[in-house]
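[1] I'd like to go over a predicted model; first the sequence, then the structure.
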Amino acid sequence: MKGRYPRSSRDPENSDTGDIKPKLEEQYDAGTGKTGGKPTLGASRAAKLTLLTLVLSLLVLAAAGFVQMRIEKAVRREVGALLSTVLHATREDISSWYDWRADDARAAVMTDGVVPAVRDLLDAHVGSKNLLAAPAQHVLRAKMRPFMINKGYLGYFVISPDGINLASSRDVNVGVRSLLNEDPNFLSAIFSGHNAISRPQISDVPLPDATGALMASPPTLFVGVPIFLPKSDHVIAAFAFRIDTVSDFSAIFANWRLGKSGETYAVGADGLLLSESRFDEDLRKIGLLPSGVPSMLHIHVRDPGGDIAQGYKPRQPRHLQPLTQIVQGIADDESKFRIKEYRDYRGVDVLGVRLWDSKFNFGIVAKINADEALKTLHTQQYMIWGVIFLAIGLMVVLAVFVHRSRTDSEALTMRTQAILDNAIDGILTIDLLGIVRSFNPAAERIFGYRASDVIGQKMSSLLAGEEKQVGGVDIDKYLSEKSDGAADAWQVIRGKRKSGAQFPMDIAITKIRVGEKYLYLGTVRDITERRHAEETLRQSEERLKNAQRIAHLGSWSWNFDQDEMIWSDEIFRIFGLRPKEIQPTFARFMKIVHPQDRTRVEGALRNSWDGKKGFHFEHRILLANGNQRTVQEIGEIVSDDVGNIVRMDATVHNITERKQAEMAKSEFVATVSHELRTPMTSIHGSLGLLLGGAAGTLGSKKKELVELAYNSSERLVRLINDILDFEKLEAGSMNFNMIEYPLNDLLDQAVDANASYAEKFQVKLERLPIFGDAFVLVDIDRFAQVMANLLSNAIKFSPPGASIEISAQVRGKNVRVSVTDHGPGIPEEFRGQIFQKFTQADSSDTRAKGGTGLGLSITRSMINNMHGVLSFETHLGRGTIFYFDLPLMLRSRMPPQEGETSHDTLRILICGDDHATAMHLKETVVAAGGRADIARTLKRASKLQQANAYVAMILDIASTGSDAIALLHRIHREKNGDECPVIAVSAVYSDNKENLLRGGIGVVEWLDEPIDFLKLKSTVKEVLDAGKSADVLYIETGEDNAHVHSQVIDSSVGLLRARNVLEARRIVARDNIGLVLLDVTPQNTTGIELLSGLERPDGATVPVLVLSAEGIEDDGAGRVVAILMKTETEEEFRLKIRGMINDVAT
């Protein structure tokens, strides 16, 4: 049996059972099967060890603190000594500088001519003379200028005993009270016979800065000496030089700045800074100093309470903050040098010393940032404390290690017992003889035995029946053949409870070494519930498979991370495969999809992925045998908790049979509808003819019955058309002839086409204007049908007297068409299904309002097919707005190209509701050189006829019916016989063709369907030419006189043709015709009778040239100028006609 069971990959020495082995060896209790024992280390020894560690740590900390204190004192004394040295050195430099400047000033005063000049100025001052104009003033300036340049002074003053400036380097200062009066000690000392230096103060005049630019109100400083009366101690005046405070006075303090943060400055007793600060830029950044203003004389050395640069916000305004500790009482502490740690005027902790110099009447402070001054101390402290804590840590670690080494045995025992007591699986130990030696609580619950009942018994007593096997081998033999450390995989065997009941269980047995002995560690697990769940799951899966097979509904899941697909068995069957025949992949799936549908399927899945949304689509699949099936896929995206896509789940439904049934139904409905529509169209048309009087005048009773039949047939035709349209849209077989068309015309035609329907309901259609030429890409017939559906709904649901607004608005790249009614609105419960087929807001609406319930569904499908979107807004009691958006087309009007004919004012009106025919007719008119307008309704045609001047009308009789004849008669009446030429296109009214041509209502040509467009083009060109001025009018009354038109007339003579005298009368009345050429046949001599009506607009008589095969009488009131007989040869006849026409024309 050796090697039959797989060995564990874990090292037994490092496995969970490794913690158990020492205790099993040392403290195994065969009587109870549980581990136990007492700790070998008493609590008193642990306490002593802890106390010893604590005492040693305290001693080390105390020693370290004492050493730190001594080091800190030494460092502070060293820093203080250094700052005191800087302080004294600064004071000595200031004193030396002062003596040097005073000597310069005395030397200047002793210059020849200075004292006499001063005396002259004193005399001038006493005599109230102009000091500025005094010669002595110029003498002094000449004496002092080179001296100032050489010594770097900025100016000078000569001050009288009463404080008036006798002389100065600047005119503005002469004769006024001296600025130095503000420092009374300064002048008092000088007039007492002593040299003196003034306290820094704000200058009374602008002074140059370091760049040479003048600075307003800068700091200034003066050094002064007395001017004595010669050979006397009497002081007659004071002399003072202006000193550059930045490069002279403040530079002395700047020379004694320590390190990166050290600073030495002068300060007054009131805390005012009397020299430049090292930190001007920092002071500007933190808002203590305005831009361009020096710190000297503008900063008071006050304590803000914290470091402002680090974001501290002072609690008090600047002027209420206390002076820094180093400045407080500085004038009372002249001879003491104290080092202090305090906050400076920036709020930074510093070390500093101070002194007060009574000679100069200001204090001097030397300081340095505490961080920089004590950097060495802090480094030493960190090192010392690091070593101390390292030593303490080592002592603690050592103590813990010793303590834990003594208590590991107890802790391991307790942990092992806790594991055994709280394990979910049953754990038992077995000796080499197969005897159970321990039995944990979980094993008690599984088998129903107490540990005391099992311990000492054979392991085989826990196995069921006659098996008593593990892995098919007797348990005793199995245990005897197990090798050291070999761990079983889980084996499923049957166990036996105390009650005798058998149950399935998993067991794993490992042979372990405990000291010098071997034991077996067994782990058992009751799998009764798991087996029950597995069976339930198996039955559920089987039912699901049967349900999918019956419903032809499969499912798949696509895991994106592993790129794996799982197919249910039914999907394999739907795809014509045996279950598990291939490994499912997305590539295999796409190979089964019909090639024409693959792009659409990939796009739908990609859109679902990108939008993290579900999908629902149908497609075809191609089986291996070449057959096709149609399936429906419905699926969704599955994401994890953070929104990352994990997989895609979907169902596949075989809907081939359903599709075939739907196709059969659609074909049946379409066939029946077509078979119904053909006779119904004839019935409807015949009834319309009866109502139009085609069969004579109807009595009131008959008319009422015919109207009832006509309205019912109209409703039935509309129902059939709706059903056919719906089936075409459902099947995707409806064709859309998309062209660019002006939206204004489309809306006008829609309003005209539905105006009569609105009148029945006493509703007014109001067309709101749209600005500019908006073109849309639509199928004109489908657009008209959309508008008819929307308008008919709005009309039916509007109260009598209401109006319906039809509007259009350009919105970006789209144009929105809206139909607004003021009816009851749409109920909220119906709004979600309003576009579904065979639905209406109320079942009673079908009878009350009429309709099939297909209109809006068809309308939305048509709008979608024209790349638009249909929607609505509604308010109960106030009405509804149905609107759709269509792409806006960009159109440009191009001028006619070279060689093209442009009849800008010659237009032809085309009337007919068949879009394709109307467009072909329009193309023919354009090809003939004219312009054409299309009216889809007779009402629209009538409006256009009244608003515009048309040279002709092309009328589609088949699409306009008997109403077209009425229209022609009305136009004839309105024009007083000056009718517009009409070209009729139809085959329906061919019986009336001759009557219409001779009816005097303007029909000049009749073209049967299929239309001969070459003949139509020739006729249109003749009509257009007739609209222009000409010299000769040719009236054709015969069947074939083309030789006259094509060969006889000279090409330089303008020629018009008329098919009858009525048309000729109209042309003559409009244009200045020079000659009428009348071709008379023996069968038609009516032209001679009507010649009396041929008068030009100016009232002149038009000469007539008659062509005849035989002689006739002149009944034309002398209008006939010549009669030519056709009996002559063709060549003679041609020459005579050409000669006579040319003579008359010229």
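    That came in fine, so what should we check first? Residues are numbered from 1 along each chain as shown.
[2] sec struct for residue 601, please.
    Using DSSP: H, G, I helix; E, B strand; the rest coil, the structure places residue 601 in helix.
[3] okay but it is in contact with residue 617, surely?
    Yes. At 7.2 Å, residue 601 counts as touching residue 617 under the criterion of Cβ atoms under 8 Å. No exception for glycine: its C-beta is placed from N, CA and C like everyone else's.
[4] who has more neighbours, the two?
    Just comparing residue 601 and residue 617: by other Cβ atoms under 10 Å the higher neighbour count belongs to residue 601, 20 against 17.
[5] which ones are touching that one?
    By Cβ atoms under 8 Å, 6 or more residues apart in numbering, the contact list for residue 601 reads 590, 593, 617, 619.
[6] One more: residue 191?
    161, 226, 235, 238.
[7] farthest pair in those residues?
    Farthest pair in the contacts of residue 191 (Cβ to Cβ) is 161 and 226. Separation: 10.7 Å.
[8] Can you check which residues contact both of the two?
    191, 235, 237.
[9] taking those residues one by one, which sit in strands?
    235, 237 (DSSP state E).
[10] picking up where we left off before, can I get the contacts of residue 601 in TSV with pLDDT and distance to residue 863?
    Shown next, in TSV, are the contacts of residue 601 (pLDDT from 0 to 100; distance: Cβ to Cβ, whole Å):
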residue	pLDDT	distance to residue 863
590	90	33
593	93	30
617	88	21
619	92	25
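[11] Now do the end-to-end distance for stretch 157-177.
    With Cα to Cα, to the nearest Å as the measure, stretch 157-177 spans 11 Å from end to end.
[12] Give the buried residues for it.
    157-160, 164-169, 173-175 (16 or more other Cβ atoms under 10 Å).
[13] Stretch 765-775 now?
    So, applying 16+ other Cβ under 10 Å, buried residues of stretch 765-775: 765, 767, 770, 774-775.
[14] Give me the average confidence score over it.
    For stretch 765-775, mean pLDDT is 80.
[15] Equivalent analysis for stretch 249-267, please.
    So the average pLDDT for stretch 249-267 ends up being 90.
[16] Tell me the buried residues in it?
    249-250, 252-254, 256-258, 261-267.
[17] Farthest-apart pair in those, please.
    The most distant members of these, if one measures by Cβ to Cβ, are 249 and 261, lying 22.3 Å apart.
[18] What mean pLDDT does the lengthiest helix in the chain get?
    Determined from DSSP state H, the single longest helix within the chain is helix 43-109. Throughout helix 43-109, pLDDT has a mean value of 84.
[19] Then stretch 197-209?
    On average, stretch 197-209 scores 85.
[20] In that stretch, which residues are buried?
    Buried, per 16+ other Cβ under 10 Å, within stretch 197-209: 197-201, 203, 205, 207.
[21] Same check on stretch 947-956?
    950-956.
[22] ditto for stretch 420-432
    420, 425-430.
[23] Please apply the same query to stretch 447-462.
    447, 449, 451, 454-455, 458-460, 462.
[24] Those residues in helices, which ones?
    447, 451, 454.
[25] Would you reformat those residues as TSV and include distance to residue 873 and pLDDT?
    Formatted as TSV, those follow (distance: Cβ to Cβ, whole Å; pLDDT from 0 to 100):
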residue	distance to residue 873	pLDDT
447	75	90
451	80	89
454	81	90
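[26] And the furthest pair within the buried residues of stretch 197-209?
    Pairwise over these, using Cβ to Cβ, the maximum falls at 197 and 205, 19.8 Å.
[27] Fine by me, thanks again.
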